[in-house]
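**Q** Okay, here's the prediction I keep looking at, along with the sequence it came from:
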Amino acid sequence: MNTLRTFIVVMSLTVTGCNSVEPRTKPDADIAALPAVLAVDDAIAHAAILDGKEVTVQGRFMGWKGRCSGMPPTRSAWMLEGEHECIYVAGPVPEGISPAPSTNDLGRATSLHGTLVRDNAGRPYLMVH
């Protein structure tokens, strides 16, 4: 009988305790706290809550010669670098920038608006329309 009473008390405390737990921060609230224009490093750091969301990302245009690793999401994807991170961009290069490696546009600061998505391996990339 003591075992049954102990079990009932423990279960009651467990259920009651679960109801008193503070709710976790909602992802939308986390997104609202981010700046309107994200650095590449910040976009990657917050990729879990930004997945599928439209964002504006700022970085250095690196064409096909940046430090991104792994397979690009498309054959024509190019790279945008931040201070420490690199993200692939699937879509057209910004107007006025040449993707050719022989141009002076490599390393040029640019901002892009697109949708942050993840590839099959979970790596984030920016899809620009």
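**A** Received, thanks.
**Q** Could you list everything A90 pairs with in the sheet?
**A** On the basis of DSSP bridges, A90 is bridged to M127.
**Q** distance of it from D42?
**A** Relative to D42, A90 is positioned 20 Å away (CB to CB, to the nearest Å). Quick note: C-beta positions are derived from backbone N, CA and C, even for glycine.
**Q** which residues touch the residue sitting nearest the centre point of the chain?
**A** In the chain, the C-alpha nearest the mean C-alpha coordinate belongs to A47, at 1.9 Å (CA atoms, centre = their mean). A47 is in contact with 116, 118, 124, counting by CB atoms under 8 Å, 6 or more residues apart in numbering.
**Q** contacting residues around the last one?
**A** Read that as P124. Residues 43-44, 47, 50-51, 87, 116-118 are the ones in contact with P124 under the rule CB under 8 Å, 6+ apart.
**Q** redo that, cut-off 6 Å
**A** Residues in contact with P124, defined by CB atoms under 6 Å, 6 or more residues apart in numbering, are 44, 47, 116, 118.
**Q** Same check on P73?
**A** With contact taken as CB under 6 Å, 6+ apart, P73 is in contact with 88, 90, 119, 125.
**Q** who wins for most neighbours among the residues you listed?
**A** Using other CB atoms under 10 Å as the neighbour definition, the contacts of P73 reach their maximum at Y125, which records 26 neighbours.
**Q** hey, where'd the helices end up in this protein?
**A** Under the criterion DSSP state H, the chain carries helices at the ranges 2-19, 27-32, 40-45, 47-50.
**Q** Can you get me the start-to-end distance on stretch 30-38?
**A** 14 Å (CA to CA, to the nearest Å).
**Q** 33 is where my numbering starts, stick with that
**A** Got it, the first residue is 33 from now on, which makes the last one we talked about stretch 62-70.
**Q** Quick one: mean pLDDT over it.
**A** Confidence over stretch 62-70, taken as the mean pLDDT, stands at 82.
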